[in-house]
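Participant: got a predicted structure plus its sequence, pasted below:
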Amino acid sequence: MNIRLRQDAIVRTLRRNGTSTVDALAEEVGASRRTILRDISALRDEGYVIYSDVGRGGGLQLDPRSMQTTAKLAVSEVFALLISVAAMRAAGNLPFSELADSGLAKIEKALPADKVKDLRAFLDCLHIGQLSPLQDLSDMRKMEPTLLQAFETTFLKRQLIRFKYRDAKGQLSQREVEPQAMLILPPLWYLVGWDPMREGFRHFRMDRISAPEAMEETQFRRRHVPFEDDVCPYSEMMKQ
């Protein structure tokens with residue numbers, strides 16, 4: 001669990017339970033006592049009012065009126081908002097689009113310069129098109145929340161991504177590819193990767209991907225994804 005997700009989990013637990021101990025929080029989020037204490041300090045810096053009682057039977061308590069006053073958005077969080085808006089626009093289902101664009105622009109301005117650079121590099125890999133009416137959606141499932149963050153990490157650091165993939169026939173395999181682009185054909189999302197073993201681009205439905213992880217010992221070169229003529233021709237390949 002990364003820092004942001006862990007700290008969000010701590011806040012949710014304190015709001016739900018009222019009071020908790022450092023040990024209980026550490027066990028719940030799978031971290032050490034020292035890490036939890038650092039997280040509590042960071043959350044206080046962000047504006048959360050968290051009381052601590054070091055006496056017998058004491059613990060940590062979050063002021064129910066407390067809220068975050070300093071926004072610390074990750075690139076993947078902003079990217080998730082941007083691509084959601086873009087996908088809704090592509091599907092012709094985005095009411096109040098001007099307000100949405102204005103709000104996203106303000107969020108982008110709140111990011112540090114290095115994060116803005118990462119965000120724009122991330123957006124360069126995004127392609128949106130229309131789904132073929134021939135596409136079968138009967139087996140569509142929910143995507144793993146960790147996938148977008150794994151894709152962000154591997155794309156920006158140019159690391160291969162390893163994951164388990166279940167194809168249209170239900171066969172499970174392990175794949176290792178260079179994440180080159182993301183293709184959104186509402187409501188389906190695809191990871192477009194260069195497969196070194198097959199020496200070609202492959203499209204992977206993201207709702208069929210599980211257990212994504214970065215291969216830190218590898219680094220690939222950016223490749224041009226040929227989307228100019230047709231962002232998504234319907235073919236047997238796209239069924240996988």
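Facilitator: Sure, I can see it.

Participant: give me the number of neighbouring residues for Ser102.
Facilitator: Per other C-beta atoms under 10 Å, the neighbour tally for Ser102 reads 11. All C-beta atoms are positioned from the backbone trio N, CA, C, and that covers glycine.

Participant: give me the helices and strands touching the one helix or strand it maps to, please.
Facilitator: Per DSSP states H and E: Ser102 is located in helix 97-109. Contacts defined by 3 or more C-beta pairs under 8 Å, 6 or more residues apart in numbering; DSSP states H and E place helix 97-109 against helix 75-90.

Participant: tell me the helix or strand right after the helix holding Ser102.
Facilitator: helix 113-123.

Participant: which of the residues in that following helix are buried?
Facilitator: Asp118, Leu119, Phe122 (16 or more other C-beta atoms under 10 Å).

Participant: shaky segments in this structure?
Facilitator: The chain contains residues with pLDDT under 70 at 1, 54-58, 66-73, 90-94, 228-240.

Participant: what about the strands in it?
Facilitator: Taking DSSP state E, the strands of the chain run over residues 19-20, 50-52, 60-62, 126-128, 160-166, 172-185, 188-195, 200-205, 209-215.

Participant: the fourth one pairs with which strands, and in what direction?
Facilitator: Right, the one you point to is strand 126-128. Using DSSP bridges, the strands paired with strand 126-128 in its sheet are strand 172-185 (parallel).

Participant: mind listing what's buried along the partner strand?
Facilitator: Arg175, Val177, Glu178, Pro179, Gln180, Ala181, Met182, Leu183, Ile184, Leu185.

Participant: on that earlier part again, which one of the buried residues of helix 113-123 is nearest Phe96?
Facilitator: Checking the buried residues of helix 113-123 against Phe96 by C-beta to C-beta gives Leu119 as the nearest, at 22.5 Å.

Participant: show me the domain layout of the chain.
Facilitator: Per the record, the chain has its domains at 3-62, 75-239, by automatic domain parsing.

Participant: quick one: distance of the shortest one to the chain centre.
Facilitator: The reference is to domain 3-62. 24 Å (C-alpha atoms, centre = their mean, to the nearest Å).

Participant: and the gap between the residue lying closest to Ala9 once chain neighbours are set aside and Phe96?
Facilitator: In this structure, Ala9 finds its nearest non-sequential neighbour in Val29, 5.1 Å apart by C-beta to C-beta, 6 or more residues apart in numbering. With distances taken as C-beta to C-beta, to the nearest Å, Val29 is found 36 Å from Phe96.

Participant: separation between the residue most central in space within the chain and Ser41?
Facilitator: The centre of the chain sits closest to Leu148, judged by C-alpha atoms, centre = their mean, with a distance of 2.9 Å. Using C-beta to C-beta, Leu148 is found at 28 Å from Ser41.

Participant: over to Asp167?
Facilitator: 46 Å.

Participant: before we move on, what about Asp118?
Facilitator: Asp118 sits 26 Å away from Ser41, going by C-beta to C-beta.
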